[in-house]
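> what's the 3D shape of this:
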Amino acid sequence: MAQSLRLNTTASNIANIDSVSGPDGKPYRSRQVVFEATQPAGQPGAGVAVTQIVESTAPLRREYKPGHPKADKSGYVDMPNVNPTEEMVNMISASRSYQMNIEAMNVTRQLMMSTMDLGK
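Numbering: from 1, shown residues only. Take a look at the predicted model:
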């Protein structure tokens, strides 16, 4: 579930990469998922849970667009602080983690089924 939420957050960041004005009238700010271990590392059943989703404090991008309605006196527009390279890395990492978790669950299920077959 944690990686699924991470994927959704990354997709939202990419979708809003050019959103100069959100519902609050301000440019969109990149959001990141914060994880926390559910049990001490190395313990059986250890995993992660999402504790919060935080907005990035990185500065907004400034682009020169003199004809834009949101441009300041100098012709610059504050754009979202979404870094497409970082977002693609996040998406690939979350996708692979999600895939590995599914594979681990499948192997566990297969081992349980094999163990039950031994008892027959």
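> in the chain, which spans are helices?
Secondary structure of the chain by DSSP state H: the helices cover 2-15, 84-118.
> Lowest-scoring secondary structure element of this structure by mean pLDDT?
When each helix and strand of the chain is scored by mean pLDDT, DSSP states H and E, helix 84-118 comes last, with a mean of 88.
> rewinding a little: out of the helices of the chain, which one sits most buried?
Compared across the helices of the chain, helix 2-15 shows the largest average neighbour count, a mean of 18 (mean count of other CB atoms under 10 Å). Glycine gets a C-beta too; all of them are placed from N, C-alpha and C.
> tell me the angle that one makes with helix 84-118.
160 degrees (axes from the mean of the first three to the mean of the last three CA atoms, to 10 degrees).
> per-residue confidence averaged over helix 2-15?
Mean pLDDT, helix 2-15: 91.
> What of stretch 56-65?
Rounded mean pLDDT across stretch 56-65 is 94.
> which residues are in contact with it?
Identification of contacts with stretch 56-65 by CB atoms under 8 Å, 6 or more residues apart in numbering yields 27, 29-32, 71, 75-81, 83.
> again, only using 6 Å
Pro27, Arg29, Ser30, Ala71, Gly75, Tyr76, Val77, Asp78, Met79, Asn81 (CB atoms under 6 Å, 6 or more residues apart in numbering).
> give me every residue that touches the fifth one.
Okay, so that is Gly75. Tyr64, Pro66.
> Quick check: pLDDT value at it.
Reported pLDDT for Gly75: 95.
> Equivalent analysis for the fourth one, please.
As predicted, Ala71 sits at a pLDDT of 93.
> How much space separates Gly75 from Val82?
Distance, Gly75 to Val82, by CB to CB, to the nearest Å: 22 Å.
> And Ala58, by the same measure?
In terms of CB to CB, Ala58 sits 9 Å off from Val82.
> coming back round to it: ok, and the most crowded of the contacts of stretch 56-65?
In terms of neighbour count, Ser30 stands highest of the contacts of stretch 56-65 at 24 neighbours, by other CB atoms under 10 Å.
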